[in-house]
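Build me a structure from this.
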Amino acid sequence: MKPNPITIEVPLGKGKTVTIETGKLAKQADGSVVLRCGNTMLLATIVSAKEAKDGVDFMPLTVDYRENYAAAGRYPGGFLKREARPSEYEILISRLIDRAMRPMFPDDYHADTQVLVTLISLDKEILPDALAGLAAAAATAVSDVPFNGPISEVRVGRIDGEFIINPTRSELDRSDIDMIIAGSAKDIVMVEGEMKEVKEEDMLEAIRIAHQVIQDQCAALNQLTKMVGKETKRVYNHEVNDSDLKDRMFRELYDKVSAVAHAPSPKEVRGEAFKKIKEEFKATFTEEELGEKSGMIDRYYKDIEKHAMREMILTDRQRLDGRRMDEIRPIWCEIDYLPSTHGSAIFTRGETQSLTTVTLGSKLDEQLIDGVVHEGQSKFLLHYNFPPFSTGEAKPMRGLGRREVGHGNLAMRAIKWSLPENNAYTIRVVSDILESNGSSSMATVCAGSMALMDAGVQVKKPVAGIAMGMVSEANMVRYAILSDILGDEDHLGDMDFKVAGTVDGITATQMDIKVDGLSFGVLKEALEQARAGRLHILGEMRKTIAEPRADYKPHAPRIVQIQIPRDYIGAVIGPGGKIIQEMQRESGAEISIEEVGEFGIVDIASPNQESIEKALGRIRAIVAIPEVGEEYEATVKSIMPYGAFVEFLPGKEGLLHISEVSWTRLENLDGVLSKGDKIRVKLLEVDPKTGKFKLSRKVLMERPPRPQN
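Just a heads-up that it's a prediction; the model follows:
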């Protein structure tokens, strides 16, 4: 039977719309939609189990965004020629959707839930990342899965001072703001983006404009829910509760937990003290009773910890480690710690520590990007590693996780604006987190900026980052904004707000909000407090290194970049790469060529200046234009009865006529010149019709005196 789909148009601001269709594809999912904007199309589905698994006391949500190469009319690379593991771009978009949706599911909903968003058609100008969250929210809106939405997600750019919602790819290239913002009709839920030294008030205005469009989109999704008849969501009961047990625990344990919270101590000591209180309470039960109540005890104890710590902050204005609300933990830094790297830095803030390295490479080290949406090369890489020992744990290392990808991307976006415009290097920054108790991604920003300066990269300005938090009551009757949050303050608080930038503005931000009713006034206060904290951290960094080194380390590669006419690229490379390979072998330098417009850009890289000069000389000789009157070192290539053909520049030969070999009249060249001889010649003229070169050896020799009569 032919389907009868339901379609709705959703506003994108300034007359732009997207179309959402349901009831045509993937109808066995709990909810499915196809979103279309231009020729970009996304299929989004949600499926949630009817019951929760035993013992599960959290929201087991899985979010995956995937791209089909067929969407862009392309083949996947590699041997298998099929889509494999997700790219970093796909992981980042999955995280954007997850961070927007996860807080909106009911706290007591614990059924396995999977959200899948697939790119099925690509318009090169319409980026799918800002549409994926809306597609996922629409799939949820047409399902019976419990959800405190709807939500939506938009991108905000700014070109020549004008804010634009969901700019095209071409427009984004000219924008000084690139932010993706998610929210409900009432509140902002998630913010992620990069900027070019934007002021706090400009960032706040971008969020405000985005929320206006999000509110319109949420209204459209509510209308869609009514059109498909899904206003009533499924009934569920995923938690077993014991009110008497909960009351007893709060009565017996709250004061003990509060006392530990009020005694400033390191994370490990505090954690052990909290654990001891819970274990002592559990010891009052029999094994049979614990089999029934252990899960509830764990859940209620978390509530006690959360309530005690939040109350301490709100009432006593005291934090877990004894700091003031706006106080930054002690900072110490060191550069040039690793002698064999091209640049290195240690940044330690409280119990969070990053050891970061910089490696400088040539164009041959660029990362090849072969995605569906993005293709090309990347010259700046930032990788973030989070080993288990950084939190005192012994866990298996099972490869790169989504958290590492997300944190590394945030730090990369924060720092990349500061790189010099004419940078010839491929730069790789690696942050290894050696200790973690709050905001290791922002420690990566600080350490990465310092390591770049230690490497001699002429960054425009140092960049630092800070993580902000918040604890609040309903309707923001009482609230506290926390600078430089601890891990526990992140877990138990209502906001995780990371801001990175220079002394003059913001370069990157990431925000997750877990509470309703956050006003723009409070958000502005948080941004101003973050700015003060960022300036303090930059001041501490300046005590160790204030500006980039004047030169690179002695063992770092030097790169000389020259421009040659495009017509000479083939001559430098040679047939089958013979010439360029020979130059690299003989000089020891690494040579790469890229065609840009009417020119070829040649990069010559080596830690040895002599090898660079040797390669440079060969290339200049190849592309040199012969000049009449110039002298050249030539090689005899062949001997003829009427003279010798000599190569005086790479690939350029001319005739040295027998009459120009010597002032003495010669019948032949036997015993005078042989193939392979090196001789000095002078270019006398270039035939304007044939382009042939006339050379002379004798003009460089002393002319014998004329015989006397």
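
Run a quick neighbour tally on residue 337.
Number of residues near residue 337 (other CB atoms under 10 Å) recorded here: 15. All C-beta atoms are positioned from the backbone trio N, CA, C, and that covers glycine.

how far does stretch 566-577 sit from the chain's center?
Taking CA atoms, centre = their mean, to the nearest Å, one finds stretch 566-577 lying 35 Å from the centre of the chain it belongs to.

Quick one: the helices in the stretch 501-650 of the chain, in order.
520-542, 569-573, 578-587, 609-623 (DSSP state H, counting those that start in this stretch).

mind putting the ones you listed in CSV, mean pLDDT included?
Below are the helices of the stretch 501-650 of the chain laid out as CSV (pLDDT from 0 to 100):
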stretch, mean pLDDT
helix 520-542, 94
helix 569-573, 88
helix 578-587, 91
helix 609-623, 87
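
With distance to residue 679 as added columns, please give the ones you listed in a markdown table.
Converted to a markdown table, the helices of the stretch 501-650 of the chain look like this (distance: least, CB to CB, whole Å):
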| stretch | distance to residue 679 |
| --- | --- |
| helix 520-542 | 61 |
| helix 569-573 | 23 |
| helix 578-587 | 22 |
| helix 609-623 | 16 |
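
Using a markdown table, lay out those helices together with mean neighbour count and distance to residue 472.
Below are the helices of the stretch 501-650 of the chain laid out as a markdown table (neighbours: other CB atoms under 10 Å; distance: least, CB to CB, whole Å):
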| stretch | mean neighbour count | distance to residue 472 |
| --- | --- | --- |
| helix 520-542 | 18 | 8 |
| helix 569-573 | 17 | 62 |
| helix 578-587 | 16 | 62 |
| helix 609-623 | 18 | 60 |
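
right, so of the ones you listed, which gets closest to residue 247?
helix 520-542 (33.3 Å; CB to CB).

Could you say which helix or strand holds the spatially most central residue of the chain?
For the chain, residue 409 is the residue whose C-alpha lies nearest the centre (CA atoms, centre = their mean; 2.8 Å). Residue 409 belongs to helix 402-416 when assigned by DSSP states H and E.

sorry, back to before: okay, the residue nearest to the centre of the chain: pLDDT?
Turning to residue 409, the model gives it a pLDDT of 95.

show me what contacts it?
Listed by CB atoms under 8 Å, 6 or more residues apart in numbering, the contact partners of residue 409 are 88, 92, 382.

try it again with 6 Å
With contact set as CB atoms under 6 Å, 6 or more residues apart in numbering, residue 409 has these partners: residue 92.

could you measure the residue nearest to residue 353 when sequence neighbours are not counted against residue 484, distance?
Spatially, and ignoring its direct neighbours in sequence, residue 353 is nearest to residue 435 (4.0 Å; CB to CB, 6 or more residues apart in numbering). Per CB to CB, to the nearest Å, residue 435 is found 15 Å from residue 484.

ok, now residue 393?
23 Å.

Please identify which of those two sits among more neighbours.
residue 484 (26 against 8).

Between the helices of the stretch 501-650 of the chain, which one is closest to residue 280.
Across these, closest to residue 280 is helix 520-542 (CB to CB), at 38.4 Å.

okay, that closest one in PDB with CA atoms only?
Extracted C-alpha coordinates of helix 520-542, given in PDB (Å, rounded to 0.1, in the frame of the first residue of the first chain):
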ATOM      1  CA  PHE A 520      20.700  35.600  29.800                       C
ATOM      2  CA  GLY A 521      21.600  37.800  32.800                       C
ATOM      3  CA  VAL A 522      23.100  34.800  34.700                       C
ATOM      4  CA  LEU A 523      24.800  33.700  31.500                       C
ATOM      5  CA  LYS A 524      26.300  37.100  31.100                       C
ATOM      6  CA  GLU A 525      27.600  37.000  34.700                       C
ATOM      7  CA  ALA A 526      29.100  33.600  34.000                       C
ATOM      8  CA  LEU A 527      30.900  34.900  30.900                       C
ATOM      9  CA  GLU A 528      32.300  37.900  32.700                       C
ATOM     10  CA  GLN A 529      33.600  35.700  35.600                       C
ATOM     11  CA  ALA A 530      35.100  33.400  33.000                       C
ATOM     12  CA  ARG A 531      36.900  36.300  31.300                       C
ATOM     13  CA  ALA A 532      38.400  37.400  34.600                       C
ATOM     14  CA  GLY A 533      39.600  33.800  35.200                       C
ATOM     15  CA  ARG A 534      41.000  33.500  31.700                       C
ATOM     16  CA  LEU A 535      43.000  36.700  32.200                       C
ATOM     17  CA  HIS A 536      44.400  35.400  35.500                       C
ATOM     18  CA  ILE A 537      45.500  32.100  33.800                       C
ATOM     19  CA  LEU A 538      47.100  34.000  30.900                       C
ATOM     20  CA  GLY A 539      49.000  36.000  33.500                       C
ATOM     21  CA  GLU A 540      50.300  32.800  35.100                       C
ATOM     22  CA  MET A 541      51.400  31.400  31.700                       C
ATOM     23  CA  ARG A 542      53.300  34.600  31.000                       C
END
